[in-house]
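# After the sequence you'll find the predicted model.
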Amino acid sequence: MSRIAYVNGRYLPHAGASVHVEDRGYQFADGVYEVCEVKRGALVDERLHVERLQRSLHELRMRMPMSPAALGVVLRETVRRNRVRDGIVYLQVTRGVARRDHAFPAAETLPGLVVTARGLDVARNERQAAEGIAVITVPDNRWDRVDIKTIALLPNVLAKQAAREQGAKEAWFVDAAGLVTEGSSTNAWIVTMDGTVVTRPAERGILRGITRTVLLDVIAAQGLLLDERPFSVEEAHRAREAFVTSASQIVMPVVRIDGQPIGNGHPGTVATSLRQAFHGHAEIS
Ligand code: PDD
């Protein structure tokens, strides 16, 4: 099946789909993005993703390329044309095409919009969730506006590559105080020995993950204790469970951190039950 990408108003064959060489996303990483889960052909938490997109754009003084309703049509059409049943839809908005100059281009410059969609192997993800993943820790060397979902992801790219090279699936960033901020493309969580779920507050140092936001509802519904506070790498090593969340991983148990097993070295009951309950609390449209 040939894949299709939406590029600035047109649905194009994916293999040849391209943007201008002076797109500011390409030259300056001057853009933002979202990744939304697709489940049985429907979008998961579209409203929250579009709200976060609008916030990211606002923080960078960029315009929405179209209304949320029109964007919803493009997202669904891209999913449909790619025949994605279970997977992800990716959207990227940049400050548009202009002669290379660091300062903003003329106000009338149109923002660029690219949307792609692809299937994920559900069975493979489930097998991975049943096994759990390994993470490594790396110093957090990102800028201090990681609350904005920008396409400037070089530290995240290097962190993920370091994880791969060490046989792990994710890298957790650690701040100067030794506290875990988040993963290179996920939010980070632990479950303490007394069963309290702990994750860093979203006010500073992390992206406010949509999966994280929805999972807070699941945690409340399950009557679990929650403590939104930073935790250290040492505390994570002593935890009963650890896991990560993102639109593509949902809740993914972590069974090793820097080579050390967490809990009994297998996915924990809390992470597993949160994963199972997640879609019952998400908005699927
Ligand atoms: N990553 N933190 C970072 C740095 C992320 O890049 C992401 C998402 C998350 C989780 O956010 P959400 O639950 O809204 O997916 C946290 C996406 C999936 C990616 O870059 O592919």
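Everything's here; your move. Numbering: from 1, shown residues only.

# Verify the contact between Asn82 and Ala117 for me.
Yes. Using CB atoms under 8 Å, Asn82 is in contact with Ala117, at 4.4 Å. Where you see a C-beta, it was placed from the backbone N, CA and C, and this is true even at glycine.

# Looking at the two, which is more packed in?
Ala117 (26 against 23; other CB atoms under 10 Å).

# Looks like the more buried one contacts Arg85 (just checking).
No. If you go by CB under 8 Å, Ala117 and Arg85 don't touch, sitting 10.6 Å apart.

# Tell me the residues of this protein that contact the ligand?
35, 182, 185-187, 207, 209-212, 245-248 (CB under 6 Å from any ligand atom).

# Measure how buried Ala15 is and give me the count.
9.

# which non-adjacent residue is nearest Val244?
Distances taken as CB to CB, 6 or more residues apart in numbering place Thr186 nearest to Val244, at 3.7 Å, with adjacent residues excluded.

# tell me the average confidence for stretch 195-211?
The predicted model gives stretch 195-211 an average pLDDT of 97.

# Also stretch 87-97?
98.

# how about the CA coordinates for it, as CSV?
What follows is stretch 87-97 as a C-alpha-only set of coordinates in CSV (Å, rounded to 0.1, in the frame of the first residue of the first chain):
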residue,chain,number,x,y,z
GLY,A,87,-0.9,3.5,15.2
ILE,A,88,-0.1,7.1,15.4
VAL,A,89,-0.8,10.3,13.5
TYR,A,90,2.0,12.9,13.5
LEU,A,91,1.5,16.6,12.8
GLN,A,92,4.1,19.3,12.6
VAL,A,93,3.6,23.1,12.3
THR,A,94,6.5,25.3,11.4
ARG,A,95,6.9,29.1,11.0
GLY,A,96,6.8,28.6,7.3
VAL,A,97,9.1,29.3,4.4
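
# how far out from the middle of the chain is it?
14 Å (CA atoms, centre = their mean, to the nearest Å).

# Please renumber the chain so that the first residue is 167 from this point on.
In the new numbering, first residue 167, that becomes stretch 253-263.

# before we move on, back to that, anything in contact with each of Ala283 and Arg251?
Residues touching both Ala283 and Arg251 (CB atoms under 8 Å, 6 or more residues apart in numbering) are Val204.

# follow-up on the earlier one: the residue nearest to Val410: neighbouring residues, count only.
Thr352 has 27 nearby residues by other CB under 10 Å.

# Now do the contacts for it.
By CB under 8 Å, 6+ apart, Thr352 lies in contact with Glu336, Gly375, Val410, Thr411, Ser412, Gln415, Met418.

# Among these, name the ones in strands.
Those of the contacts of Thr352 mapping onto strands are Glu336, Val410, Thr411, Ser412, Met418, per DSSP state E.

# I'd like to know how far the second one sits from Val417.
Just to be clear, that refers to Val410. 8 Å (CB to CB, to the nearest Å).

# which of the two has more neighbours?
Val410 (27 against 24).

# from what I can see the more buried one touches Ala354, true?
Yes. If you go by CB under 8 Å, Val410 and Ala354 touch, sitting 5.9 Å apart.

# pLDDT score assigned to Met167?
The model's pLDDT for Met167 equals 59.

# Which single residue in the stretch 217-366 of the chain comes nearest to the ligand?
Residue nearest to the ligand within the stretch 217-366 of the chain (CB to the nearest ligand atom): Ser351, separated by 3.9 Å.

# from the ones in strands among the contacts of Thr352, which two are the most distant?
Farthest pair in these (CB to CB) is Glu336 and Thr411. Separation: 11.0 Å.

# can you map out the helices along this structure?
Taking DSSP state H, the helices of the chain run over residues 190-194, 212-225, 234-247, 288-297, 320-331, 376-387, 399-404, 435-443.

# now the angle from the third one to helix 212-225?
Think helix 234-247. 120 degrees (axes from the mean of the first three to the mean of the last three CA atoms, to 10 degrees).

# Residue of the stretch 167-316 of the chain nearest the ligand, please.
Counting by CB to the nearest ligand atom, the stretch 167-316 of the chain gets nearest the ligand through Val201, at 3.9 Å.

# partner residues bridging that residue?
Tyr256 (DSSP bridges).

# wait, it sits on Ser414?
Yes. Under the contact definition of CB under 8 Å, Val201 touches Ser414, with a separation of 6.3 Å.

# what is in contact with those two at once?
Ile254.

# how near is the closest residue to Gly446 other than its chain neighbours to Arg366?
Once flanking residues are discounted, Gly446 sits nearest to Val384: 7.8 Å by CB to CB, 6+ apart. Separation of Val384 from Arg366 (CB to CB): 18 Å.
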